[in-house]
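Q: quick one: sequence plus predicted model below, questions after.
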Amino acid sequence: GAPSVVLATASYDHTIRFWEATSGICHRTLQYADSQVNKIEITSDKQYLAAAGNPQVRLFEITSSNSQPVSSFDGHQGNVTAVGFQRENKWMFSGSEDGTVKIWDLRAPGCQRQYESRAAVNTVVLHPNQSELISGDQNGNIRVWDLRENVCSSEYVPEVGTAVRSISVASDGSLAVAANNSGVCFVWQLVGKGQGAATHFEPLHKLQAHDGYILKCLLSPDVQHLVTASSDGTVRVWDLDGFSLKQTLVGHQKWVWDCVFSVDAAYLVTASSDCTARLWDLSAGEAIRVYTGHHKAVVCCALNDSSDGG
């Protein structure tokens, strides 16, 4: 059966590491020979890990002694910057610096669908309704791709020419947040005009979260907090009720590239250029575990500690 907690990190050192979350011990290392790894994601059933490289995405078995990928998804022409799965793991989505968002059926070869953003794509997320992808690109465009109608249903440009780095959508579909290269988070309320209608963004708040770049923004699973990870080496936790700063997580020595919540929103894992990942207890606001072993920047992390196997 699947392990109860899957925690993984990947690095510019061309490895993916799996960790025992509580002890901090690395129990498995995969070599990713082709390129650096930009993003990783774990399926809801904890069976597979997707690793987004340059220019391919590879799928690895999590509970296996096989260190080779079980499948490779080829078709992007540049760095793959985003990867994720549909809730039942029927299909995978990806975004790339080649300007496209692609959809891949996990049981069929090749790319099934492609959307053109016309600028390098930095981030793609799947709306919890499972029928819209939201992408952000280097030119500052946010686009909603309606998977039922197979069209771009809306476009938003919160700050012209300022790259959108990261987008997060609330687990209940109530909010979307986009973070950009000038340290700003834009928050929208998401309004669906009835069953099957495209999601509409209504501006709610603009937050100057950091002076440096925001590399990742993430809404907590309980939709109580927003976290922002920055080039200034800190991670900030914001209260969604009033957007006040709740805490600043200090400990990383360099840029913080990625973060992921535990399913109960009590813990946060972060990945940094300082070659470490950290586990933070958010009630205390401090790191309770440091994961050391990578010898170059750790740029992405993934965690699945759900108890329901999906």
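A: Looks like it came in fine. Numbers count the residues shown, from 1 in each chain.

Q: all strands of the stretch 201-310 of the chain, in order?
A: For the stretch 201-310 of the chain, the strands defined by DSSP state E, counting those that start in this stretch cover 214-219, 225-230, 235-239, 245-249, 256-261, 267-272, 276-281, 286-292, 298-304.

Q: list the neighbouring strands of the fifth one plus their orientation.
A: Using DSSP bridges, the neighbouring strands of strand 256-261 in the sheet come out as strand 267-272 (antiparallel).

Q: ok, now the third one?
A: The pairing partners recorded for strand 235-239 under DSSP bridges are strand 225-230 (antiparallel), strand 245-249 (antiparallel).

Q: could you dump the shortest one to PDB, C-alpha only?
A: Coordinates of each C-alpha in strand 245-249 appear next as PDB, following Å, rounded to 0.1, in the frame of the first residue of the first chain:
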ATOM      1  CA  LEU A 245       0.600  39.700   8.500                       C
ATOM      2  CA  LYS A 246       0.300  36.900  10.900                       C
ATOM      3  CA  GLN A 247       3.900  35.600  11.000                       C
ATOM      4  CA  THR A 248       7.200  35.700   9.100                       C
ATOM      5  CA  LEU A 249       9.000  32.400   8.900                       C
END
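
Q: so what's the gap between that strand and the chain middle?
A: 21 Å (Cα atoms, centre = their mean, to the nearest Å).

Q: so it versus strand 286-292, what angle?
A: Per axes from the mean of the first three to the mean of the last three Cα atoms, to 10 degrees, the angle that strand 245-249 makes with strand 286-292 is 40 degrees.

Q: same list (the strands paired with strand 235-239) but as JSON lines, adding mean pLDDT and mean neighbour count.
A: Quick note: C-beta positions are derived from backbone N, CA and C, even for glycine. Below are the strands paired with strand 235-239 laid out as JSON lines (pLDDT from 0 to 100; neighbours: other Cβ atoms under 10 Å):
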{"stretch": "strand 225-230", "mean pLDDT": "98", "mean neighbour count": "26"}
{"stretch": "strand 245-249", "mean pLDDT": "98", "mean neighbour count": "16"}
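
Q: dump those to a markdown table, plus distance to Cys185.
A: Formatted as a markdown table, the strands paired with strand 235-239 follow (distance: least, Cβ to Cβ, whole Å):
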| stretch | distance to Cys185 |
| --- | --- |
| strand 225-230 | 6 |
| strand 245-249 | 12 |
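
Q: in the stretch 51-200 of the chain, where is pLDDT below threshold?
A: 193-196 (pLDDT under 70).

Q: where do the strands sit along it?
A: Counting by DSSP E, counting those that start in this stretch, the strands of the stretch 51-200 of the chain are 57-61, 71-73, 80-85, 91-96, 100-105, 111-116, 121-126, 132-137, 142-146, 151-156, 164-169, 175-180, 184-192, 199-208.

Q: which other helices and strands does the first one contact?
A: Other elements packing on strand 57-61 under the criterion 3 or more Cβ pairs under 8 Å, 6 or more residues apart in numbering; DSSP states H and E are strand 48-52, strand 71-73.

Q: and if you look at the second one?
A: Judged by 3+ Cβ pairs under 8 Å, 6+ apart, strand 71-73 is in contact with strand 57-61.

Q: now do the buried residues in the strand it packs on.
A: Within strand 57-61, the residues that count as buried by 16 or more other Cβ atoms under 10 Å are 57-60.
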